[in-house]
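Asks: Fold the following for me, if possible:
(chains A, B, C and D)
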2 protein chains.
Amino acid sequence: MSEAQEQDGVAAMAAGKAARTPSTEETQRVFESLRNAVLDQRLPPGLQLKEQALADAFGVNRAVVRQALARLEIYRLVTHAPNRGVFVAHPSAAEGRDLFTARRYIETAIVELAVERFDDSDLAPLRALVRREREAYEAGELRKALRLSIDFHLQLAERVGNTVLAAFLDEIVTRTPLVVLAHRRESPPTCMLSDHEHILDAIAAHDLERARALMIEHVGHLEGRLALDRGGRGADAGIARLLGLDGDVAKAGG
Amino acid sequence: MSEAQEQDGVAAMAAGKAARTPSTEETQRVFESLRNAVLDQRLPPGLQLKEQALADAFGVNRAVVRQALARLEIYRLVTHAPNRGVFVAHPSAAEGRDLFTARRYIETAIVELAVERFDDSDLAPLRALVRREREAYEAGELRKALRLSIDFHLQLAERVGNTVLAAFLDEIVTRTPLVVLAHRRESPPTCMLSDHEHILDAIAAHDLERARALMIEHVGHLEGRLALDRGGRGADAGIARLLGLDGDVAKAGG
DNA sequence: GATGACAAGATTGTCAACAATCGAGGGCCG
DNA sequence: CGGCCCTCGATTGTTGACAATCTTGTCATC
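Replies: Down below sits the predicted model:
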């Protein structure tokens, strides 16, 4: 019943960095809609986002759309080609690697602080979140499960209480879906459910080393599902991968 | 002779996250000018930045200024009060603590990667930077020394090669001067010179533990010069600190 | 038939005028 | 004399039109 509300609430909170800056509600609304679309993997990398079309769709002025797009650009969710337009970002494999490397450090930091500071009042909501994630997953609602999985990481960061680290993780998590879309190897994109539970167990037990190891392993699981090998073609590949012409063509002529 | 060029060059590179997004040169120019002003501690927290005044000063349109200010807002360099205007940010003590806590983690990560990956071609430019910093300091050019000190940290991050971590440190470093202005306890705001040298030595020796310890200690030196105590008054204090009425008044009535 | 210049359409970038909102100051009333 | 309200100035927020730029499609030429 309150799930929609709750999801919206989490999403709004998850916006974190941007949520506290209400530079006109309209801009915020457009920005968050587009950001949510990215989180749900509804926007394919490379898609052009035309100002007028968005303005019509959201019922706002082009200036508002421009502001929202500029903000998306700073988060690297879109790339801006002067006099050409803005396009959904197509992160390179190198960018993906950097993102996951940074994520390991940030999540480690968050887990470390969580082990120090968490008590039951922090753990209970996170356990509830994991439970809902499991339910969604078992009910076959994959998109919802994915979103709850993302929210788990964001909530964990938020509850640690460091706004800067939380904002950093928020940025990383927001950029990750585009990397997934651009470089996915296997199909199931969600976190492994038990990972989240085990991480919470380790935090509850104040076992720093285990919590750290589990989180690093967990991020590794995610990254392992992607093809981010060195020398892989990324943002520069352009049309080649879209047509499935990459790799084979370069390697074997036949 | 080429110092101005060099400083600009470093500054442009240091902009990092924002430098690669040329959404109209004008907006970029205004944004970087204001950002540099913050880095040089020329903008006192709380100062109102009026759109028309900036537009006149930079010889651009108000729309351009608006875009630049919106970007500054995302970096938390200014706060935007709807229908009132934008003001140079006045970070709270809590925000300052979060910033330094996050910085410890990020700088540690960077140092860790530097120990793994650096060779002489990376170390030489950094040593040169430290040398120039020392020269500037000994010549009494404090502002320049401060800037070179900042550039040391940014260059170190840049050379590690992880764009995400580099962007995060860039954001932290950019926000720090405002925290310094708002909560400074002692006068000299620059890094301790020898710290930088010793960190480079440890990296050159591939001594991870020593490098980490030195970096954490170094960040601690910086933070130690500030008054970021819990319960301290920060963004909310307003007029009190401006008039030098804070602290004493609250503690002792005389 | 291929290549180059050229023109048309669409999209972004720029701008100035207008509307809405807020804070300050003065005047009015209690 | 103190408090409240109202007007006025200043600043931000919004809108639409205009200019600049790029892409696409066409056509003449080699």
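Asks: right, is whichever strand or helix holds A:T79 up against chain B?
Replies: For A:T79, the host element (DSSP states H and E) is strand A:78-81. Yes: under the criterion of Cβ under 8 Å from any Cβ of the partner chain, strand A:78-81 makes contact with chain B via A:79-80. Any C-beta I mention is one placed from the backbone N, CA and C, and that applies to glycine too.
Asks: just how off-centre is that strand within its chain?
Replies: Put simply, strand A:78-81 sits 19 Å off its chain's centre (Cα atoms, centre = their mean, to the nearest Å).
Asks: Direction included, what does that strand pair up with?
Replies: Sheet partners assigned to strand A:78-81 using DSSP bridges are listed as strand A:85-88 (antiparallel).
Asks: what's next to the partner strand, contact-wise?
Replies: Counting by Cβ atoms under 8 Å, 6 or more residues apart in numbering or on different chains, strand A:85-88 makes contact with A:38, A:43-51, A:69, A:72-73, A:77-81, A:178, all of which sit outside it.
Asks: Quick one: buried ones out of these?
Replies: With neighbours counted by 16 or more other Cβ atoms under 10 Å in any protein chain shown, the contacts of strand A:85-88 contain buried members at A:38, A:43, A:45-46, A:49, A:51, A:69, A:72-73, A:77-80, A:178.
Asks: which among those are in contact with DNA strand C?
Replies: With the criterion set as Cβ under 7 Å from any atom of the strand, the members of those near DNA strand C are A:49, A:51, A:80.
Asks: Show the pLDDT at the last one.
Replies: So that's A:H80. Per-residue pLDDT puts A:H80 at 91.
Asks: That one and B:F118, how far apart?
Replies: As for A:H80, its distance to B:F118 is 33 Å (criterion: Cβ to Cβ, to the nearest Å).
Asks: A:E116 now?
Replies: Remark: distance between A:E116 and B:F118 (Cβ to Cβ) = 31 Å.
Asks: who has more neighbours, the two?
Replies: In this comparison of A:E116 against B:F118, neighbours counted by other Cβ atoms under 10 Å in any protein chain shown, the higher total goes to B:F118 at 20 against 11.
Asks: Excluding sequence neighbours, find me the nearest residue to that one.
Replies: B:I203 (5.6 Å; Cβ to Cβ, 6 or more residues apart in numbering or on different chains).
Asks: tell me the SS of that neighbour?
Replies: helix (DSSP: H, G, I helix; E, B strand; the rest coil).
Asks: Near chain B, which residues of the stretch 1-150 of chain A are found?
Replies: The stretch 1-150 of chain A has residues A:17-18, A:21-24, A:63, A:66-67, A:70-71, A:73-74, A:79-80, A:82, A:95, A:98-99, A:101-102, A:105-106, A:108-109, A:113 near chain B, with proximity defined as Cβ under 8 Å from any Cβ.
Asks: and A:A211, how many neighbours does it have?
Replies: Using other Cβ under 10 Å as the criterion, A:A211 is surrounded by 24 other residues.
Asks: check which helix or strand covers it.
Replies: When elements are defined using DSSP H and E, A:A211 is found to belong to helix A:208-224.
Asks: thinking in terms of the whole chain, how far from its middle is that helix?
Replies: With Cα atoms, centre = their mean as the basis, the distance from the averaged C-alpha position of helix A:208-224 to the chain average is 17 Å.
Asks: just stretch A:65-78 next, same as before
Replies: Its chain's C-alpha centre lies 16 Å from the corresponding centre of stretch A:65-78 when counted by Cα atoms, centre = their mean.
Asks: what do you get for stretch A:87-99?
Replies: If you compare the mean C-alpha spot of stretch A:87-99 with that of the full chain, they lie 12 Å apart, counting by Cα atoms, centre = their mean.
Asks: Check stretch A:160-179 too.
Replies: Computed by Cα atoms, centre = their mean, the chain-centroid distance of stretch A:160-179 equals 8 Å.
Asks: How about stretch A:124-133?
Replies: Per Cα atoms, centre = their mean, the centroid offset for stretch A:124-133 relative to its chain is 19 Å.
Asks: Check stretch A:166-184 too.
Replies: On Cα atoms, centre = their mean, the centre of stretch A:166-184 falls 4 Å from the chain's centre.
Asks: my guess is the residue nearest to B:F118 meets B:E209, correct?
Replies: No: between B:I203 and B:E209 no contact is recorded; they are 11.9 Å apart, counting by Cβ atoms under 8 Å.
Asks: Mind checking which of the two has more residues around it?
Replies: Higher neighbour count among B:I203 and B:E209: B:I203, with 25 against 9, using other Cβ under 10 Å.
Asks: what sits against that one?
Replies: Residues in contact with B:I203, defined by Cβ under 8 Å, 6+ apart, are B:111, B:114-115, B:118, B:123, B:211.
Asks: State the pLDDT value of it.
Replies: 97.
Asks: give me the number of residues near the nearest residue to A:N162 once chain neighbours are set aside?
Replies: Among residues not flanking A:N162 along the chain, B:D98 sits closest, at 4.7 Å (Cβ to Cβ, 6+ apart). Applying other Cβ under 10 Å, we find 23 other residues in the vicinity of B:D98.
Asks: cool, and the one 4 residues further on?
Replies: The local packing of B:A102 (other Cβ under 10 Å) involves 23 other residues.
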